[in-house]
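sharing a model prediction with you, sequence too.
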Amino acid sequence: MVNSSKTPTGKTSKGKVSIYVEKSRIKARLPRQYFGGEQPRLALGMESNEANMARAQRLAERMTLDLQDGCFDETLAKYGIIADLKLKSGAAIADSQLPPKPELSLMEVWEMYCDYRKHDLKESTFENVFMGCYVNFIKSAIKGTKSEDAIKIRNWLIENRSLINVKKLIGHLSKAYQMAMRQKMINYNPYEKLDDEITVKGAKGKKQNEVETETDDDVLDQTKAYSWTEVEKILCYIRDNPQVNHWYSFTKFKFFTGCRTGEAIAFMWCDVLWNKQQVLLRRTYDNQTKRFYPTKTTKGDQDLIRIFPMPKDGELWNLLKSIPQGEPNEIVFKSKRGNIILDNVFCRAWKGSERNKNKGIITELIKQGDLNKYLSPYNTRHTFITHQIFDLGRDEKIVSAWCGHGELVSQKHYQDIADRATQINPELPANQQALQQSEIDSLKEQLHKQQELINKLLQNKE
C-alpha cells in the first residue's frame, strides 16, 4: 500500500509524489520534473504508524493531482506544511504565493542597520549612541515586554526612557526595517510612523523635578537652566564640601564658558593663551573610545576652534591661575587621583548614587531647599547661554560664537562675529561694557586732541 505510487522496480512513477519513512517520521519525495531537476523532500509532521501511513498516502496522491493542476500551494497550506519551494516555470505557483520566509529578529535588523550606518557616523556617536544607548534600550524593552512586538516595544520605551531618545530610536528603527524591506529580507515595516505621536516634553517615569537634555535644540529654554544665584550656591557648596571640592574648578569652568563636558575634560594647558587673554576650545574627549576628537560645526563637516575671551584678573583668569600649571599637552582638570576625568564619575558626584553611598551635589542642594529642580551636568551649558542672553543682555550671535551652537557656526560671516566676540568681556553686562567702551573711546578722543594741540604748539615755537 505504501509503495503503490512506485513501479514494480521500486522506483517512483514519473510525475508522482511518493512517501517514505526516515527516523520514524513520514516524509514525501516530490517529482523532479516540477523543480528543475531537483527532488525536494518534505517532512509531513507525522510519526510512522499504520493510520498515519494511510493518511500520508492520500496526501501524496492529492499533492500529485495539485502539481498537475498548478495549485500545489493550496495543499501545503491546507495541511500546515511549511516549505520554501520554487517550482519550474510553467508548472509552478508564483513566488508571491509561497509561504513567507522566517522574519529577522529585531536585533538582527538593528545590527544590519548599524553596520550600514557605521561609516557615515562619528566613531564616538556610533559606539556610544547606536551600539551603546540604543542597543541597551532595545534589549531592555525586549526583556521588559517579553516580546518583539513593535507597539509593546514603543510603549515600554515611552514609559521607561527619556522621550527625546525614544523618538530618535523609533525613527531609526523605522529606517532600519525600511532598509531590510528594500533588501527583500522582510515583508513590512512595523515601526513606520510610530514616532509621529511622540512629543518630547519629558520622559514618563522620571521625577517631576528632573529635566534632562542632550542637545542644543533648546538652549534658550530658561526652564532648563539654573539662575546665576543658584550657580553661586552650587559652586559654594562644592568649594566648601571636602568630599566634592576637587570638582570645583572643573564645574566652574563649565559654568563660566558654556563648554560641553567632553570639551572641559579635553582642555589642555596649550589651550590657555595668557598673552592674548584667551582660551581655545578645540577638542573633546570620549570616555567610551578613550580618544580625543576635534570639535565640529553643527553640521559636522569641518573642525571648529572656538576662541573664548579670558580678561586678565577676571573670574576665569584667576580660576586657571589657581591651578598648578602643567606641560602644554597635559590636561588642565583632573580627577581626585590625578587621572583623566570620567564623565560618568562626575555625573554620579553631581546626581548622587545610592549604591556608592554618594549623596550628590544637586540632590543635597534640593534637599536643603537651595534648588528646586534637578538638571543634568550638560545643563551648565544652557545656564551659561541663558545667563549671557537674558541676564547680561548679550547678543545671541556673540554667545553662539563662544559656544559653537546653532546654524550660525557654518554661516559666511561667522568669522567676523567670532573676531568681535573675542573683544568682549563675558563677565560684564553688555550695557556696562558698552558704557565702558564709550568712556574709553571718549578718553582716546581727548588724548588725540591734546596730542594735536601739543604738536601745534611745538610747530609754533620752531
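All right, it came through fine. Numbers count the residues shown, from 1 in each chain.

please work out how many residues are found near Gln450.
For Gln450, the count of nearby residues is 10 (other CB atoms under 10 Å). In short, each C-beta sits where N, CA and C put it, glycine included.

now do the strand or helix carrying it, average pLDDT.
Here Gln450 sits within helix 430-461, counting by DSSP states H and E. Averaging pLDDT along helix 430-461 yields 65.

how long is stretch 122-134 from one end to the other?
For stretch 122-134, the separation between the terminal residues is 15 Å (CA to CA, to the nearest Å).

please identify the buried residues of it?
By 16 or more other CB atoms under 10 Å, the buried positions in stretch 122-134 come out as 124, 126-131, 133-134.

ok, now stretch 315-330?
When burial is assessed from 16+ other CB under 10 Å, stretch 315-330 yields the following buried residues: 316-317, 319-320.

export the buried residues of stretch 122-134 as a markdown table, with columns for secondary structure, distance to Asn425 and pLDDT.
What follows is these, written out as a markdown table (DSSP: H, G, I helix; E, B strand; the rest coil; distance: CB to CB, whole Å; pLDDT from 0 to 100):
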| residue | secondary structure | distance to Asn425 | pLDDT |
| --- | --- | --- | --- |
| Ser124 | helix | 34 | 79 |
| Phe126 | helix | 40 | 86 |
| Glu127 | helix | 39 | 85 |
| Asn128 | helix | 36 | 81 |
| Val129 | helix | 37 | 86 |
| Phe130 | helix | 42 | 91 |
| Met131 | helix | 43 | 88 |
| Cys133 | helix | 39 | 85 |
| Tyr134 | helix | 43 | 91 |
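
quick check: mean pLDDT of the longest strand that the chain contains?
Across the chain, the strand with the greatest residue count (assigned by DSSP state E) is strand 41-47. Taken as a whole, strand 41-47 carries a mean pLDDT of 79.

same check, this time on stretch 156-164
Averaged across stretch 156-164, the pLDDT comes to 84.

what comes up buried for it?
Across stretch 156-164, burial judged by 16+ other CB under 10 Å covers 156-158, 160-164.

now, among those residues, which is nearest to Trp402?
Set against Trp402, the nearest of the buried residues of stretch 156-164 by CB to CB is Ile164 (24.6 Å).

mind listing what's buried along the helix or strand where that closest one lies?
Using DSSP H and E, Ile164 sits within helix 163-182. Residues of helix 163-182 classed as buried: 163-177, 179-180 (neighbour count, 16+ other CB under 10 Å).

which helices and strands does it pack with?
Applying 3 or more CB pairs under 8 Å, 6 or more residues apart in numbering; DSSP states H and E, one finds that helix 163-182 contacts helix 106-117, helix 134-145, helix 150-160.

where are the low-confidence patches of this structure?
Applying pLDDT under 70 to the chain picks out residues 1-14, 35-37, 69-103, 200-221, 296-303, 356, 405-422, 430-446, 461-462.

related to what we said a few turns ago, how distant is the helix holding Ile164 from the center of its chain?
12 Å (CA atoms, centre = their mean, to the nearest Å).

ditto for stretch 276-288
Offset of stretch 276-288 from its chain centre (CA atoms, centre = their mean): 22 Å.

before we move on, what about stretch 39-56?
Worked out by CA atoms, centre = their mean, stretch 39-56 lies 53 Å from the chain centre.

how about it: buried residues?
Residues of stretch 39-56 classed as buried by neighbour count (16+ other CB under 10 Å): 40, 42, 44, 46, 48, 52-53, 55-56.

show the end-to-end separation of that stretch, please.
18 Å.

adjust the sequence numbering to begin at 774 for everything that follows.
With 774 as the first residue, the last one maps to stretch 812-829.

would you mind giving the buried residues of stretch 929-937 as TSV with distance to Tyr1010 added?
What follows is the buried residues of stretch 929-937, written out as TSV (distance: CB to CB, whole Å):
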residue	distance to Tyr1010
Trp929	37
Leu930	35
Ile931	35
Asn933	31
Arg934	30
Ser935	26
Leu936	31
Ile937	29
